[in-house]
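Student: generate a structure from the sequence data that follows.
(chains A and B)
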Amino acid sequence: DTTVKQNPRYKLARVGKPVNLICSQTMNHDTMYWYQKKPNQAPKLLLFYYDKILNREADTFEKFQSSRPNNSFCSLYIGSAGLEYSAMYLCASRRLGNQDTQYFGPGTRLLVL
Amino acid sequence: AQKVTQTQTSISVVEKTTVTMDCVYETRDSSYFLFWYKQTASGEIVFLIRQDSYKKENATVGHYSLNFQKPKSSIGLIITATQIEDSAVYFCAMRERNNNNAPRFGAGTKLSVKP
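Tutor: Modelled structure (predicted):
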């Protein structure tokens, strides 16, 4: 099973309110990623976990947080949503090893009003 | 730093023909991995094919194949006998060999296959 699951699939949030997105995989992958995808743009890496080590991109460091309570789950947290956060959020996972490919979840479409 | 560039914003072809989508990349690493993904109408991103930089032979999976030109830092995706359902946005991505790196993506090429 190469399935990565994301919840919810659609999320409506108000400006200034927090948002929490969930990702899970049962492939025992040690690395999990979060990307932000806006129309006509490349998926933008926000952060990723290698095991329990969190790596955040410099330009989104303060905007997004994450937690990984166990190997299967990873969350993406926005403390105070702004209109610019409206996007598709994609979770992906990969088993550490040069031969392994990254697998994506179906995404969560976030709309901030 | 890694960088992936897809210059073709959109391509339109007639079904059953062959199409090539371009991708160039920048890296200082001598070993890296190249990927092509397809984004479906629902927004889901699906892995299609990969090329490891140390392999000289072009990868092939089904009706997808790659044109890997390492001296030009180029990895083109070739789709033969295109079908209507191949209409999608195609993303090129690269990951450097360092296991602590994450794949970086190009902006995508929208392919429309018409009857």
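Student: I figured residue A:101 hits residue B:35, correct?
Tutor: Yes: between residue A:101 and residue B:35 there is a contact under C-beta atoms under 8 Å: 6.8 Å. Just so you know, the C-beta spots here come from the backbone N, C-alpha and C atoms, and that holds for glycine as well.
Student: more crowded one of the two?
Tutor: Ranked by neighbour count (other C-beta atoms under 10 Å in any protein chain shown), residue A:101 and residue B:35 place residue B:35 first, with 22 against 17.
Student: show me the beta-bridge partners of that one.
Tutor: Beta bridges link residue B:35 to residue B:50, residue B:93, judged by DSSP bridges.
Student: returning to that earlier point: any shared contact partners between residue A:101 and residue B:35?
Tutor: Residues within reach of residue A:101 and of residue B:35 at once, by C-beta atoms under 8 Å, 6 or more residues apart in numbering or on different chains, are B:47, B:50.
Student: check chain A and tell me which residue is nearest its centre.
Tutor: Compute the mean C-alpha point of chain A, and by C-alpha atoms, centre = their mean the closest residue is residue A:34, 2.9 Å away.
Student: tell me the helix or strand right after the helix or strand where that one lies.
Tutor: Counting by DSSP states H and E, the element that carries residue A:34 is strand A:31-37. Per DSSP H and E, the first helix or strand lying C-terminal to strand A:31-37 is strand A:44-50.
Student: can you tell me the SS state at the nearest residue to residue B:37 once chain neighbours are set aside?
Tutor: Nearest non-adjacent residue to residue B:37, counting by C-beta to C-beta, 6 or more residues apart in numbering or on different chains: residue B:91, 4.6 Å away. Under DSSP: H, G, I helix; E, B strand; the rest coil, the three-state class of residue B:91 is strand.
Student: wait, residue B:91 sits on residue A:40?
Tutor: No: if you go by C-beta under 8 Å, residue B:91 and residue A:40 don't touch, sitting 11.9 Å apart.
Student: name the residues contacting each of those two.
Tutor: residue B:108.
Student: so for these two, which residue has more residues nearby?
Tutor: Ranked by neighbour count (other C-beta under 10 Å), residue B:91 and residue A:40 place residue B:91 first, with 26 against 11.
Student: per-residue confidence for that one?
Tutor: On the pLDDT scale, residue B:91 is placed at 97.
Student: how near is it to residue B:16?
Tutor: For residue B:91, the distance to residue B:16 (C-beta to C-beta, to the nearest Å) stands at 24 Å.
Student: related to what we said a few turns ago, what does the pLDDT read for the residue nearest to the centre of chain A?
Tutor: Value for residue A:34, per-residue pLDDT: 96.
Student: ok, it - contacts?
Tutor: By C-beta under 8 Å, 6+ apart, the neighbours of residue A:34 are A:23, A:45-48, A:64, A:66, A:74, A:76, A:89-92.
Student: rerun that using 7 Å as the cut-off
Tutor: A:46, A:47, A:66, A:76, A:89, A:91 (C-beta atoms under 7 Å, 6 or more residues apart in numbering or on different chains).
Student: any of those buried? List them.
Tutor: The neighbour-count test (16 or more other C-beta atoms under 10 Å in any protein chain shown) marks A:46, A:47, A:66, A:76, A:89, A:91 as buried among the contacts of residue A:34.
Student: now the chain, which segments are flagged as low pLDDT?
Tutor: Using chain A here. A:1-2, A:97-99 (pLDDT under 70).
Student: looking at chain B here, not the other one
Tutor: B:1, B:99-100.
Student: strands of that one, start to end?
Tutor: All strands of chain B, identified by DSSP state E, fall at B:3-5, B:10-14, B:19-21, B:24-26, B:32-39, B:45-52, B:60-61, B:64-69, B:74-79, B:88-96, B:104-105, B:109-114.
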